[in-house]
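Peer 1: model the structure of this input:
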Amino acid sequence: MSGGFIPYHLRPGKAVDRKLFIESLQIMSRHFLMKKYTYIGFGGPFLEDFKQIHSELYVEKMISLEEDESVIERQRKNLPFGCIDCKNQTAEDFIDSFSIESNVIFWLDYASSKKIGAQLQEFRQLLSKLQEGDVVKITLNANIDTLGSHSEKSRQELKRARLQCLKSKLNDYLAFDISEEQLTSKNYPKILLDAVIKAAYLALQGKNVSFCPIVACTYQDTHRMVTVSGVLVSSEEKSCLLSDRVFGMWPFLYDKNDSILDVRVPVLSLKERLEIDATMPSDDAAAVQSQLGFLFDSSEEKSLNMIESYLKFYRQYPHFSRIVI
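Peer 2: So this is what the prediction gives:
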């Protein structure tokens with residue numbers, strides 16, 4: 001369920017995504033009493049998001065879902081706070097019996113690409129059971145090779161096979177006019193984002209609340225991932241939430257007319273980071289690259305893109321260091 005053997009706490013892209021989510025929750029706490037919420041997620045062996053959400057928002061009611069018993073044992077060994085209830089349960093079973101009266105923050109942090117249709121169905125079922133003010137975040141595998149990889153197929157045959165595979169998994173949530181040419185590695189995260197938003201619309205059709213996306217991004221530490229978080233609000237609450245008083249000035253707020261946030265930060269040594277940070281804030285990636293005197297990729301364009309991404313997300317970039325205990 002949670003990618004129980006992946007070191008999420010050491011992945012810079014994932015860390016930036018998590019920090020953006022926590023920042024959005026902190027901003028929403030101006031409007032909603034987040035301290036009284038229940039946080040539910042897939043903690044993995046290190047429960048990293050639980051540590052940060054408790055520390056930053058002081059959420060005291062927390063539930064971690066995990067279907068792998070060996071990961072549960074590691075969670076119990078690494079448990080950072082006594083307020084976390086580690087359940088040996090699948091998300092599907094938990095959502096089927098979901099009945100929490102308080103507001104929730106729920107992170108469906110999927111790692112596998114094999115059951116993406118079922119994952120969106122779980123997201124849809126969850127939303128149908130939630131109430132105004134509830135926050136939901138979903139993370140999906142956006143590696144296009146999972147729809148079919150290069151073999152003996154021609155390029156056009158591969159595109160056709162990938163589209164057929166995607167339709168077999170997500171047909172109810174795809175745009176009716178999606179074409180083979182649209183299904184590229186670059187476009188795939190946006191296609192999945194649109195599928196999430198459509199699933200939310202279908203889940204809440206006829207209700208007095210809608211799913212308001214707050215932040216959406218794609219990142220790649222190992223595989224390409226796409227993630228979107230949002231809150232269930234009435235139309236009146238939505239106008240208030242997105243006003244200048246609450247979210248209006250936040251630079252990462254989701255805008256359907258803009259491209260999805262692309263987190264492509266480089267892996268930096270401490271010395272490299274200190275040298276770049278000494279120039280911040282800045283938006284001149286070329287000047288930074290010239291000052292460093294080397295590239296982060298064999299392609300100069302890709303290296304510049306990575307620096308541009310760091311300049312955008314340097315405040316959310318994680319601090320990793322070695323300590324001796």
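
Peer 1: any regions of the stretch 101-250 of the chain where pLDDT drops low?
Peer 2: Regions of the stretch 101-250 of the chain meeting the criterion pLDDT under 70 cover residues 151-152.

Peer 1: that one: strands as residue ranges?
Peer 2: Using DSSP state E, counting those that start in this stretch, the strands of the stretch 101-250 of the chain run over 104-109, 135-141, 210-220, 224-233.

Peer 1: residue 156 reaches residue 180, doesn't it?
Peer 2: Yes - with contact defined as Cβ atoms under 8 Å, residue 156 counts as touching residue 180 (7.5 Å). For the C-beta atoms, the positions are set from N, CA and C on the backbone; glycine is no exception.

Peer 1: which one of these two is surrounded by more residues?
Peer 2: Set residue 156 next to residue 180 and count neighbours by other Cβ atoms under 10 Å: residue 180 wins out with 15 against 10.

Peer 1: wait, what's in contact with that one?
Peer 2: Residue 180 sits next to 156, 159-160, 162-163 when contact means Cβ atoms under 8 Å, 6 or more residues apart in numbering.

Peer 1: any chance of those in TSV, plus distance to residue 175?
Peer 2: Putting those into TSV (distance: Cβ to Cβ, whole Å) gives the following:
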residue	distance to residue 175
156	21
159	16
160	17
162	15
163	12
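
Peer 1: most neighbours among those residues, please name it.
Peer 2: In the contacts of residue 180, the most neighbours by other Cβ under 10 Å go to residue 162, 21 neighbours.

Peer 1: out of the contacts of residue 180, which is nearest to residue 82?
Peer 2: Nearest to residue 82 among the contacts of residue 180, counting by Cβ to Cβ, is residue 162 at 46.9 Å.

Peer 1: quick one: residues contacting the closest residue to the closest one other than its chain neighbours.
Peer 2: Nearest non-adjacent residue to residue 162, counting by Cβ to Cβ, 6 or more residues apart in numbering: residue 147, 4.0 Å away. By Cβ under 8 Å, 6+ apart, the contact set of residue 147 is 161-162, 165-166, 183.

Peer 1: and those residues, which of them are buried?
Peer 2: By the neighbour-count criterion of 16 or more other Cβ atoms under 10 Å, these include these buried positions: 161-162, 166, 183.

Peer 1: and residue 112, how far from residue 140?
Peer 2: Note on residue 112: its distance to residue 140, by Cβ to Cβ, to the nearest Å, is 10 Å.

Peer 1: what about those two, which has more around it?
Peer 2: It is residue 140, of residue 112 and residue 140, that has more neighbours when counted by other Cβ under 10 Å, with 26 against 14.

Peer 1: for that one, what are its contacts?
Peer 2: Going by Cβ under 8 Å, 6+ apart, residue 140 touches 110, 113, 116, 119-120, 192, 196, 225-227.

Peer 1: and it, what are its bridge partners?
Peer 2: Counting by DSSP bridges, residue 140 is bridged to residue 226.

Peer 1: where do the helices sit along the stretch 101-250 of the chain?
Peer 2: With helices called from DSSP state H, counting those that start in this stretch, the stretch 101-250 of the chain shows them at 116-129, 155-170, 188-204, 235-241.
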